[in-house]
Structures are given as structure tokens and as C-alpha cells.
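**Student:** build me a structure from this.
(one chain, ligands or ions: 1)
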Amino acid sequence: MSTDRSGLTTTQAPFIEEAQSKGELYIRQPYELYSEENQDTWRRLYARILPRWEKYANPKFLEGVHKLALPADRVPRLEDINRFLEPLSGFSAKAVSGYVPAFMFFDCLRERAFPTTITIRDGATLDYLPEPDIFHDVAGHVPMHTDKVFADVLVRFGEVAHTAAELAAQIANVAEREQKLESVIKAMARFFWFTIEFGLMRRPGGGAGDVCVYGSGLLSSYGEIENCVENLRVQRFPFQLEWVINQYFEIHHYQPLLFVIDSFDHLFEEVDRLEAWMREGKLGNVSPGEPAVSEADVRSFIDAVTREVART
Ligand SMILES: [Fe+2]
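**Tutor:** This is a model prediction of the structure:
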């Protein structure tokens, strides 16, 4: 095994490259490989964002940070996190070597496993990272998974992916099946983006303009967590399903438009509605534009459809 000084740095981790070259998606967290610089990066990321969490994050997130005993001074071990997490919601963080195609990702959520990146961003670029790292996944996502209702939302989302595969299996014409699937995947990706990744919530007991943050893309970004609440130019609208599934988004800059839910119960109802709309055929031709649906994502759903056809 390599003991390269690059440790487990995003885009420069021999351990990850080796796993990928062998086609291993689910891996262990080789904790001994984190370099001192990796550890220092976590410390700096955590120390500077903590006051902003206290100011902007929703109360359930802050409770989650506390319940997980998320360490401030070193990269967390997933096994330590899971020891606290599993009894609370049944969820666990599961180390992966890279991108998990959409259906597999949602299917993991259904099984209460969260695919988790174990590399950490380069210490020279604390602010900007196009791909997830362990700070985004563990500090941004996992504390939310301690909340039972929020955890159930993720499981429900996984079930909706299965519904998508079941419905697609009923379409005999291959071209029509692929077109509909691509649209449904896009709708699901937009829903996920504007809620789990970049969602805002009305502050419990607060007025109409009083919001807090629950989306992990915001919770793991020192700059954007403040910007999304304080910048008067950011549009913040009550969650509207039809708008969300037809709204394109771009990942390389702060989000100019965000949607506000009332509560996690409200979010759960919206996932139910997403599935109902899917069954009614309302997701079969959403507006074109970002995000592009990758071939790997479509393929992962087609494989699920094939299994579904074989089963029925
Ligand atoms: Fe994320």
C-alpha cells in the first residue's frame, strides 16, 4: 500500500486511484493514510465554520453535530460516527471511492446507508471544491441524518427511485422508456439539489423572511452559508414542486435562487407528492437544461428496470 505524502487529498490520493482502477466502489476508510496536512485542513474548516453554523444552521443540525460528537481537531473516523448515528436513525456512513451512479445512490439511501467520500480538499483551496469531500459529506450531510424525520425523507427518496424503475419497466418502447427515464432522473436530481443539498427552512417560530439552513451544500460552505441568508439578491421562495422540478441549476457559483420548506414533515409530504406526480406521468418531460443526466446515471436506472422486468 502506498504511503505517499499526498495522503487522502481530493484529486491526489493513490489509495483512491487504486480502488477505482480495480472497480471497487465501496471501500474502507484507511485512516492511517491521512497526512498531517489533511488533519490540519479539517481543523481549519471546522474552526471557521462553527460560528456560522451556530448563527445560520437549523436547530436539528446543531443537535446532530453534538449527538455525533463530531471532532473539531481531526478528520472523523466513520466507525466512530456510525456508533453514535446508527442507534438514532438506523443510518450509517459508508465509504466510497468516487461517484455513485444515481440509482445506486438512491438505493443506498433506501437501505439507510449514506455513500461517503473519505478524501479531503487540498488545504490551499478551502473555499471552492466542485466535487464532494469528507467535510461536505460528514460535516455537511451526516449531522442531519440523526433526525428521524429527515432520515425518513432520504429513505422515501430511495423508494421513489424504485418507483421510477418500476414505472419505466412498464414502457415497452425502448426509446420512449429512455426519454421518460432521463426526464424523471432530472426531476429527481433537481428536487434533491433544491432540498437536501441547498434547502432552506422557515425558522421554527420565525416570521416569513426568517430562514435557517438545512441543505448540506450550504452547511459545508463557509461563504455560501452566510450569503444564502444575508444577501438581499438571493431569491428565496416557498417550496413549489412544479417550479423545482423544472428549474435548472448550475454548480459552479453561489445559488441565486433557493426554496424554503416549512418543516421536515413538509419535506416528507413533498417527496410523497413527487412520487404521486411520477405515477401521474407529470415528470415525463420536464424542462431541458442543467443538470445534464450522465450516461452512468441513466445506465444505473436501466439496470434497475432490467431487474424489475426480470422479476415481473
Ligand atoms: Fe452532497
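**Student:** please give me every residue in contact with the closest residue to S220 other than its chain neighbours.
**Tutor:** Closest residue to S220 apart from its sequence neighbours, by Cβ to Cβ, 6 or more residues apart in numbering: G140 at 3.2 Å. For every residue, glycine as well, the C-beta is placed using N, CA and C. Taking Cβ atoms under 8 Å, 6 or more residues apart in numbering, we find G140 in contact with S216, G217, L219, S220.
**Student:** quick check: which ranges of the stretch 151-300 of the chain have low pLDDT?
**Tutor:** 207-209 (pLDDT under 70).
**Student:** the same query, at a cut-off of 90, please.
**Tutor:** For the stretch 151-300 of the chain, the stretches flagged by pLDDT under 90 are 204-209, 252.
**Student:** just the helices in it please.
**Tutor:** Secondary structure of the stretch 151-300 of the chain by DSSP state H, counting those that start in this stretch: the helices cover 174-192, 216-219, 222-230, 241-246, 264-279, 295-311.
**Student:** contact partners of the third one?
**Tutor:** Outside helix 222-230, the residues that touch it by Cβ under 8 Å, 6+ apart are 45, 48-49, 52-53, 56-57, 126-127, 198, 200, 211-213, 217-219, 234, 236, 254-255, 258.
**Student:** separation between A151 and K67?
**Tutor:** If you measure A151 against K67 using Cβ to Cβ, to the nearest Å, the figure is 13 Å.
**Student:** neighbour-wise, which of the two wins?
**Tutor:** Neighbours per residue, other Cβ atoms under 10 Å: of A151 and K67, the larger number sits with A151, 21 against 16.
**Student:** give me the distance between the more buried one and I171.
**Tutor:** 32 Å.
**Student:** strands of the stretch 101-250 of the chain, residue ranges please.
**Tutor:** 113-117, 200-202, 211-213, 235-238 (DSSP state E, counting those that start in this stretch).
**Student:** then the first one to PDB, C-alphas only?
**Tutor:** Extracted C-alpha coordinates of strand 113-117, given in PDB (Å, rounded to 0.1, in the frame of the first residue of the first chain):
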ATOM      1  CA  ALA A 113     -26.600   3.900   4.100                       C
ATOM      2  CA  PHE A 114     -25.000   7.100   3.000                       C
ATOM      3  CA  PRO A 115     -22.300   6.900   0.400                       C
ATOM      4  CA  THR A 116     -19.500   9.000   1.900                       C
ATOM      5  CA  THR A 117     -16.400  10.500   0.300                       C
END
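**Student:** that older thread, and the contacts of G140, which two are the farthest apart?
**Tutor:** G217 and L219 (7.5 Å; Cβ to Cβ).
**Student:** three-state assignment of the closest residue to R28 other than its chain neighbours?
**Tutor:** In space, and not counting its chain neighbours, R28 is closest to A95: 6.2 Å by Cβ to Cβ, 6+ apart. Secondary structure assignment for A95 (DSSP: H, G, I helix; E, B strand; the rest coil): strand.
**Student:** shouldn't A95 be in contact with F114?
**Tutor:** No. Applying Cβ atoms under 8 Å as the test, A95 and F114 come out as separate, 10.2 Å apart.
**Student:** more neighbours, the two?
**Tutor:** Neighbours were counted for A95 and for F114 using other Cβ under 10 Å; F114 has more, 24 against 19.
**Student:** give the contact list for that one.
**Tutor:** Counting by Cβ under 8 Å, 6+ apart, F114 has contacts F91, S92, A93, K94, C108, D137, H141, V142, H145, L154.
**Student:** which one of those residues sits closest to L8?
**Tutor:** D137 (12.9 Å).
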